[in-house]
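sequence plus predicted model, see below.
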Amino acid sequence: MKKIISAVILALALPAFQIYAEQTDAKPINIKQVTTELKEMKDENKRKEILEQVRLHVKPQTEEDVTDLIELIHQANGDEEKMKVGEALSTIKETDKQLAGAFINALDDKEYYVRGTSIENLGILKAKESAPKLREIVRKFNKFDEAKYQAIKVVDMVTLIGSRKIIGEPAAALITLGQMKDEDAIPLIVEKYDTVLKEYAARALGEIGIKALPELMKLAKKDIASRKSDSVCEACRALSRINGREAKEELLYYLKNEKDSDIRDGLLGALPTEDDDVVKIICDLYASEKDTIFISGMRNKKFIPCLIKILQTDANQYTRAYAAGKLGQLRDSTAVPALEEALKDANVDVRHRAANALKHITGKDYEWQTPKK
């Protein structure tokens, strides 16, 4: 225990516990003793004070610490108390590998909150040895669970607590498998994409990266072909999670050959757009295809010459306005002359965007309602 707890606060909240008698001689909170005390304690305010100190000052260091905190969750009354202990249980870092075994064992715990917290912590630890059990959690989610989820969701529109408990564990397991980059789980994750777990399956595939890219592209194209106007292409969004350094050539291949804007938007989100070759390809693709989605991918100052050229020469007034807005976002003084020239544009929206961009860069107000002469 590294943090210092006020002796005054603990004297009130933890009279029977090991506490910090002096700030220079700190001793840890005894979780076993806290658990024993809570079994008999009825005073709600005192319970809150005790568990708040656990939340703020306890960090598990050993598997026994994890087990003790889990037992404390079992003694908690209601979700608020469980969450306080759960926060202490979740103060781990990726380097705390020694705790993985305890969290793997906790996947079989009777308490939903313990199981969910353990799944999330295994993701933080990237404990690949837990992958078989996590896959099994995902595999067990079936059509019956999905039907139950949909039925509960209809009658539980406000809190969604019941429906979340149905999908919470498999959803968390999917995300954790993604964080672990578990390539063996790819077929299973693809299988769950066509369920209510779609969002989490897509995210997992994106996190796995280059090995999952072909499957993610298939799912994206399937979504595009079958989607309704108000639906979201989760696979398209997930493309942006792929490590662009690792998969640059593959991402560029798809960017050049796939024409759907949503797919391209996801690919652009993943690509390392600070690389000169990527900058050139994106600018060249816009010049040849005039798809404004490429402008949306111009996210850093290396694109300023390209954006200035679009502002000065593009025949489409809306595209010129878009380029002006992008230059304002990048806030680079080298764009000022081109933006000042754009104040002469015949289109009022272009002038307005140029004036706003100049304001962002220079801090000055510019007249835009009539063309500058």
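Structure received.

where do the helices sit along the stretch 251-373 of the chain?
With helices called from DSSP state H, counting those that start in this stretch, the stretch 251-373 of the chain shows them at 261-270, 276-289, 293-296, 304-313, 317-330, 336-342, 348-362.

so which bits of the biggest helix by length in the chain are buried?
Secondary structure assigned by DSSP state H gives helix 161-179 as the longest helix of the chain. Applying a neighbour-count criterion of 16 or more other CB atoms under 10 Å, one finds 163-164, 166-179 buried in helix 161-179. Every C-beta, even on glycine, is put in place using the N, C-alpha and C of the backbone.

same check, this time on stretch 348-368
Neighbour-count burial for stretch 348-368, with 16+ other CB under 10 Å as criterion, is recorded at 349-358, 361, 366, 368.

one step back: by contact count, what packs against the longest helix of the chain?
helix 112-125, helix 131-140, helix 143-155, helix 186-192, helix 198-208 (3 or more CB pairs under 8 Å, 6 or more residues apart in numbering; DSSP states H and E).

mind exporting the C-alpha coordinates of that helix to CSV?
As requested, the backbone C-alpha atoms of helix 161-179 are provided in CSV (Å, rounded to 0.1, in the frame of the first residue of the first chain):
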residue,chain,number,x,y,z
ILE,A,161,-29.9,-3.6,-16.2
GLY,A,162,-31.5,-6.9,-17.0
SER,A,163,-30.5,-6.9,-20.7
ARG,A,164,-27.0,-5.8,-19.9
LYS,A,165,-26.5,-8.8,-17.6
ILE,A,166,-27.4,-11.1,-20.5
ILE,A,167,-24.8,-9.7,-22.9
GLY,A,168,-22.3,-8.2,-20.5
GLU,A,169,-20.0,-11.2,-20.0
PRO,A,170,-19.8,-12.3,-23.7
ALA,A,171,-19.4,-8.7,-24.8
ALA,A,172,-16.6,-8.1,-22.3
ALA,A,173,-15.0,-11.5,-23.3
LEU,A,174,-15.1,-10.4,-27.0
ILE,A,175,-13.3,-7.2,-26.2
THR,A,176,-10.8,-8.9,-24.1
LEU,A,177,-10.0,-11.5,-26.8
GLY,A,178,-9.4,-8.6,-29.1
GLN,A,179,-7.1,-6.9,-26.6
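
ok and that helix relative to helix 198-208, angle-wise?
Using axes from the mean of the first three to the mean of the last three CA atoms, to 10 degrees, the inter-axis angle of helix 161-179 relative to helix 198-208 is 20 degrees.

what distance separates helix 161-179 from the middle of the whole chain?
14 Å (CA atoms, centre = their mean, to the nearest Å).

one more: stretch 205-217?
That offset, for stretch 205-217, works out to 16 Å (CA atoms, centre = their mean).

for the host helix or strand of Arg55, buried residues please.
If you go by DSSP states H and E, Arg55 is part of helix 44-57. By 16+ other CB under 10 Å, the buried positions in helix 44-57 come out as Lys46, Arg47, Ile50, Leu51, Gln53, Val54, Arg55, His57.

for the stretch 201-350 of the chain, which residues score under the pLDDT cut-off?
228-230 (pLDDT under 70).

try it again at 90.
225-232 (pLDDT under 90).

ditto for the stretch 1-150 of the chain
For the stretch 1-150 of the chain (pLDDT under 90), the answer is 1-58, 72, 75-84, 113, 143-150.

wait, isn't His260 in contact with Lys222?
That one is not His; residue 260 is Asp. No - if you go by CB atoms under 8 Å, Asp260 and Lys222 don't touch, sitting 11.6 Å apart.

and His352, what does it touch?
Applying CB atoms under 8 Å, 6 or more residues apart in numbering to His352 gives the contacts Ala321, Trp368.

grab the nearest non-local neighbour of Lys181.
Distances taken as CB to CB, 6 or more residues apart in numbering put Ile208 closest to Lys181, at 5.1 Å, once the chain neighbours are dropped.

can you count the residues close to that neighbour?
26 (other CB atoms under 10 Å).

from Val232, how far off is the spatially most central residue of the chain?
For the chain, the residue whose C-alpha lies nearest the mean C-alpha position (CA atoms, centre = their mean) is Arg203; its distance is 8.7 Å. Distance from Arg203 to Val232, counting by CB to CB, to the nearest Å: 13 Å.

and His360, by the same measure?
31 Å.

could you find the closest non-adjacent residue to Leu330?
Lys301 (5.5 Å).

distance of that neighbour from Tyr318?
23 Å.

same check on Asn77?
According to CB to CB, Asn77 and Tyr318 sit 59 Å apart.

a strand runs through Ile70, doesn't it?
No - counting by DSSP: H, G, I helix; E, B strand; the rest coil, Ile70 falls outside a strand, being helix.

quick check: it touching Asp108?
No - in this structure, Ile70 is not within contact of Asp108 by CB under 8 Å, at 11.4 Å.

look at these two and report which has more neighbours.
With neighbours defined as other CB under 10 Å, Ile70 and Asp108 compare such that Ile70 has more, 25 against 10.

skipping its backbone neighbours, what lies nearest the more buried one in space?
Val114 (5.3 Å).

also Arg135?
Using CB to CB, 6+ apart, the closest residue to Arg135 is Ala185 (5.5 Å).

list the contacts for that neighbour?
Contacts of Ala185 (CB under 8 Å, 6+ apart): Ala131, Leu134, Arg135, Val138, Leu177, Ala204, Ile208.
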